[in-house]
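Undergrad: Return a 3D structure for these sequence lines:
(2 chains)
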Amino acid sequence: EPEVTQTPSHQVTQMGQEVILRCVPISNHLYFYWYRQILGQKVEFLVSFYNNEISEKSEIFDDQFSVERPDGSNFTLKIRSTKLEDSAMYFCASSEPPTESGFFGPGTRLTVL
Amino acid sequence: GQNIDQPTEMTATEGAIVQINCTYQTSGFNGLFWYQQHAGEAPTFLSYNVLDGLEEKGRFSSFLSRSKGYSYLLLKELQMKDSASYLCAVRLNSGNTPLVFGKGTRLSVIA
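TA: Numbers count the residues shown, from 1 in each chain, chains lettered A, B, ... in the order given. Okay, here's the model as predicted:
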């Protein structure tokens, strides 16, 4: 069964460093999303992406964040200068022309020290 | 803002039935989703309701009343592996619209 994959599974970084989180969505899906979940808190939407551009973004998705689809398969989230409060699980999700849900990847646990 | 409310924790006995409620007050509505999330893992899709009524899928059923802004997830024949958080999420609009999640209900299944 096709699935969303994410790398790395765990990333540890120093405050102020740049990180890139990678996702490979399900191949025939057209809509892509990044969500995050701070430990013990709810899943929060960051950004959605369609047709090679951002469709929607939340207040969390400030100038420190960017997304790219550098080729036909990868979908990346970059945080330019990480802060302690960026420590969270970051989930990538993808969906077909939306009828039901998005399929979530396994997540990347980001720890900022 | 968008409000999606669920009980924080529930406990139920193996083999029993449990109902997890979700109420929502959102600026729009285009479907309600239930996800299961085991600790440290990604949410896994369980069910989707966009029209009023009950959707059944094996041991899991989900109900929606749009007029009341209310949904529930019903789990039958509980198993120990059903111990997890159950997330209620609303899609506000049609199209490429993200989900707004509740805080989740942590269900503990005991012997």
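
Undergrad: Which residues of chain B lie near chain A?
TA: Residues of chain B lying close to chain A (Cβ under 8 Å from any Cβ of the partner chain) are B:31, B:33, B:35, B:41-45, B:48, B:87, B:89, B:91, B:94-104. Using the backbone N, CA and C atoms, a C-beta is placed for each residue, glycine as well.

Undergrad: what sits opposite B:Asn3 in the beta ladder?
TA: Taking DSSP bridges, one obtains B:Gln25 as the residues bridged to B:Asn3.

Undergrad: how much space between it and chain A?
TA: 12 Å (Cβ to the nearest Cβ, to the nearest Å).

Undergrad: Hmm, B:Cys22 and that residue touching each other?
TA: No. Using Cβ atoms under 8 Å, B:Asn3 makes no contact with B:Cys22, being 10.8 Å away.

Undergrad: Which one's more surrounded, those two?
TA: Taking other Cβ atoms under 10 Å in any protein chain shown, B:Asn3 and B:Cys22 do not tie; B:Cys22 has more neighbours (26 against 12).

Undergrad: Remind me which helix or strand that one belongs to.
TA: strand B:18-25 (DSSP states H and E).

Undergrad: Same question for that strand: list its buried residues.
TA: B:Val18, B:Ile20, B:Cys22, B:Thr23, B:Tyr24 (16 or more other Cβ atoms under 10 Å in any protein chain shown).

Undergrad: and the residues of chain B next to chain A, which are buried?
TA: Counted by 16+ other Cβ under 10 Å, the residues of chain B next to chain A give B:31, B:33, B:35, B:42-43, B:45, B:48, B:87, B:89, B:91, B:96-104 as buried.
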